[in-house]
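Enquirer: Give me a model of this one.
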Amino acid sequence: MSNVTHILNAIEAGDAQAAAQLLPLVYDELRGLAAAQMARERPGQTLDATALVHEAYLRLIGDQQFANRRHFFAAAAEAMRRILVEAARRRTAGKRGGGLAEREQLDQLISAASASDEQLLSIHDAVDDLARTDPEAATLVKLRFFGGMTMTEVADALGMSVRSAHDVWAYARSWLHRELRDD
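Expert: Predicted coordinates for the structure are as follows:
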């Protein structure tokens, strides 16, 4: 059992000091996830990677319980996704009537230096739809696109082989392309 899992278990058991021990252990990895995500955001963001890590951590620590390290980092990627989506929604609420712009292919967005707020919201909605039919594929997309993880990191986080991660990614990408194209 890793130190992170041990501390998560202690937090669940009510050890108040364990929460203080967790952040130093996970901060660098959370900062890496946040930095990867912020690198894809448009310049001029009021949110930076450090603020994203702190906001995500505050959302994670509380009543939520984590089975293990993998579960914690998946939840962290999800929290970061939600924070960025909320920020995008705030920014687009009044622009052009708050409507969404034409959607682009997921591959183009992932290879692009940044996704617009409208694109980010479109992908967010499509990932939520995917989660209803295939939660594992949706989690992989969250970790890959919103968490900025490599396929090797995603495979490790989800406890699968890199080849399996590539297969799930191909399926999820195909599914999302269809959803984004049809909307």
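Enquirer: correct me, but Tyr57 touches Leu33?
Expert: No. Applying C-beta atoms under 8 Å as the test, Tyr57 and Leu33 come out as separate, 11.4 Å apart. Glycine gets a C-beta too; all of them are placed from N, C-alpha and C.
Enquirer: Pull up the overlap in contacts between those two.
Expert: Taking C-beta atoms under 8 Å, 6 or more residues apart in numbering as the contact rule, Tyr57 and Leu33 both touch Ala76.
Enquirer: Neighbour count: the two, which is higher?
Expert: Set Tyr57 next to Leu33 and count neighbours by other C-beta atoms under 10 Å: Leu33 wins out with 25 against 17.
Enquirer: can you pull the contacts of the residue nearest in space to the middle of the chain?
Expert: Centroid check for the chain by C-alpha atoms, centre = their mean gives Ala77 as the closest residue, at 3.2 Å. When the contact criterion is C-beta under 8 Å, 6+ apart, the partners of Ala77 are 33, 142-143, 146-147, 149.
Enquirer: go again using 10 Å as the cut-off
Expert: Residues in contact with Ala77 (C-beta atoms under 10 Å, 6 or more residues apart in numbering) are 30, 33-34, 37, 56, 139, 142-149, 154, 157.
Enquirer: any idea how far Val53 is from Tyr27?
Expert: Note on Tyr27: its distance to Val53, by C-beta to C-beta, to the nearest Å, is 7 Å.
Enquirer: Could you do Phe73 as well?
Expert: According to C-beta to C-beta, Phe73 stands 12 Å off from Val53.
Enquirer: what residues are shared contacts of the two?
Expert: 26, 29-30, 33.
Enquirer: Can I get these in a markdown table including pLDDT?
Expert: Formatted as a markdown table, these follow (pLDDT from 0 to 100):
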| residue | pLDDT |
| --- | --- |
| Val26 | 83 |
| Glu29 | 84 |
| Leu30 | 85 |
| Leu33 | 80 |
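Enquirer: Can you find the helix or strand in this structure with the smallest mean pLDDT?
Expert: One helix or strand of the chain scores below all others by mean pLDDT, DSSP states H and E: helix 106-111, with a mean of 47.
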